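In: My questions concern the predicted model and sequence given below.
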Amino acid sequence: MKLDGKVAVITGGASGIGLATAKLFLKEGAKVVIADVDENVKEVAAQLGDIDEIVGFNTDISNDEEVELLFKRTINNFGHVDIVVACAGIRSKLMCHEETMEEWNNVINVNLTGVFLTNKYAIIEMLRQNTGGSIINISSVLGVVGKPTSFAYCASKSAVINMTRSIALSYIKDKIRVNVVAPGYVDTPLLDEYTEEMKEEVISKHPIDRLADPMEIAKTILFLASDDSSFITGETIMVDGGYTIQ
């Protein structure tokens, strides 16, 4: 098993890509902590495995104290942390001239500040352990290309990519690898509000002519979490069905 003996923290772990990643990590031998604003996160964890294998904590990743507590709880439960997946995120739907400060702050607080805080407290623990680790931050195709009606989302996801490069350089000597996975559109609950017509439109932007399955993204995350990617850091892997090669 690729992650035998490892402990992983996955934010946004109660659904979508985060949930698929949690399932795959468990299969590969890891002990897993899933964090989510979803109040059902503990029940989701209980459905996936025993308490000595996986636990769930209700966490607002935009809140400094809650993220710090998340990692303290991880250490209390499993003793160390080796892998962190910063997967939690929210979408935006407005153009620049329509953007309100409330929505801008909300998107940036979750998608950028939340990733920063997750990385910060992961690195504090990894430095304390002095055993290295792997951090995978989730961006998006919209961190690489623009979309008129996703102004704040595009800004946040682009910032995640360059922030990751900076963090990767900062801690490379400490054997902490930090990378980005940038998915195309994925068949997750975030698309539940889309009409069939809207889904067909986003599918048409992918030359592969379909949405991604969450497990396809999870398998790329597993690659970056494992020793299979031991010489990779600071990189962005596009998992987008050809979206950005057009």
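Out: Perfect, I can see it now. Residues are numbered from 1 along each chain as shown.

In: Give me the distance from stretch 216-233 to the chain's centre.
Out: On the basis of Cα atoms, centre = their mean, to the nearest Å, stretch 216-233 sits 13 Å off its chain's mean C-alpha point.

In: how far away is L222 from M101?
Out: The gap separating L222 from M101 is 38 Å, by Cβ to Cβ, to the nearest Å. C-betas here are computed from N, CA, C, even on glycine.

In: what's the pLDDT at the residue most central in space within the chain?
Out: Closest to where the C-alpha atoms of the chain average out (Cα atoms, centre = their mean) is C87, at 1.8 Å. pLDDT, C87: 97.

In: same deal with K23?
Out: With respect to pLDDT, K23 scores 98.

In: isn't there a strand covering it?
Out: No - looking at K23 with DSSP: H, G, I helix; E, B strand; the rest coil, it is helix, so not inside a strand.

In: Would you quantify the distance from the closest residue to it other than its chain neighbours to S156?
Out: What sits nearest to K23 in space, not counting adjacent residues and going by Cβ to Cβ, 6 or more residues apart in numbering, is L48, at 6.5 Å. Using Cβ to Cβ, we find L48 at a distance of 29 Å from S156.

In: Check G79 too.
Out: G79 sits 33 Å away from S156, going by Cβ to Cβ.

In: Who has more neighbours out of those two?
Out: Higher neighbour count among G79 and S156: S156, with 27 against 10, using other Cβ atoms under 10 Å.

In: Identify each buried residue in whichever helix or strand the more buried one is part of, please.
Out: Element membership for S156 (DSSP states H and E) is helix 151-170. Under the neighbour-count criterion of 16 or more other Cβ atoms under 10 Å, helix 151-170 has 151-161, 163-165, 167-168 buried.

In: Okay, helices next: where are they in the chain?
Out: Using DSSP state H, the helices of the chain run over 16-27, 41-48, 64-78, 101-108, 114-129, 151-170, 196-204, 214-225.

In: As a markdown table, those helices with distance to K93 would be great.
Out: Output for these, formatted as a markdown table (distance: least, Cβ to Cβ, whole Å):
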| stretch | distance to K93 |
| --- | --- |
| helix 16-27 | 18 |
| helix 41-48 | 25 |
| helix 64-78 | 26 |
| helix 101-108 | 9 |
| helix 114-129 | 19 |
| helix 151-170 | 8 |
| helix 196-204 | 11 |
| helix 214-225 | 22 |
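
In: most neighbours per residue, which of the ones you listed?
Out: Comparing the helices of the chain by mean neighbour count (mean count of other Cβ atoms under 10 Å), helix 16-27 ranks first with a mean of 24.

In: The longest strand seen in the chain packs against which elements?
Out: Longest strand in the chain by number of residues (criterion: DSSP state E): strand 176-183. Applying 3 or more Cβ pairs under 8 Å, 6 or more residues apart in numbering; DSSP states H and E, one finds that strand 176-183 contacts helix 114-129, strand 133-138, helix 151-170, helix 214-225, strand 236-239.

In: quick check: angle from that strand to strand 133-138?
Out: Relative orientation of strand 176-183 with respect to strand 133-138: 20 degrees, computed using axes from the mean of the first three to the mean of the last three Cα atoms, to 10 degrees.

In: got the angle between strand 176-183 and helix 151-170?
Out: Using the same axes, to 10 degrees: strand 176-183 against helix 151-170 is 150 degrees.

In: List of residues touching strand 176-183?
Out: For strand 176-183, contacts defined as Cβ atoms under 8 Å, 6 or more residues apart in numbering pick out 17, 119, 123, 126-127, 132-141, 143-144, 157, 160-161, 164, 167-168, 171, 212, 217, 220-221, 224, 229-230, 232-240.

In: Hmm, I61 is touching V110, no?
Out: Yes - with contact defined as Cβ atoms under 8 Å, I61 reaches V110; the gap is 6.6 Å.
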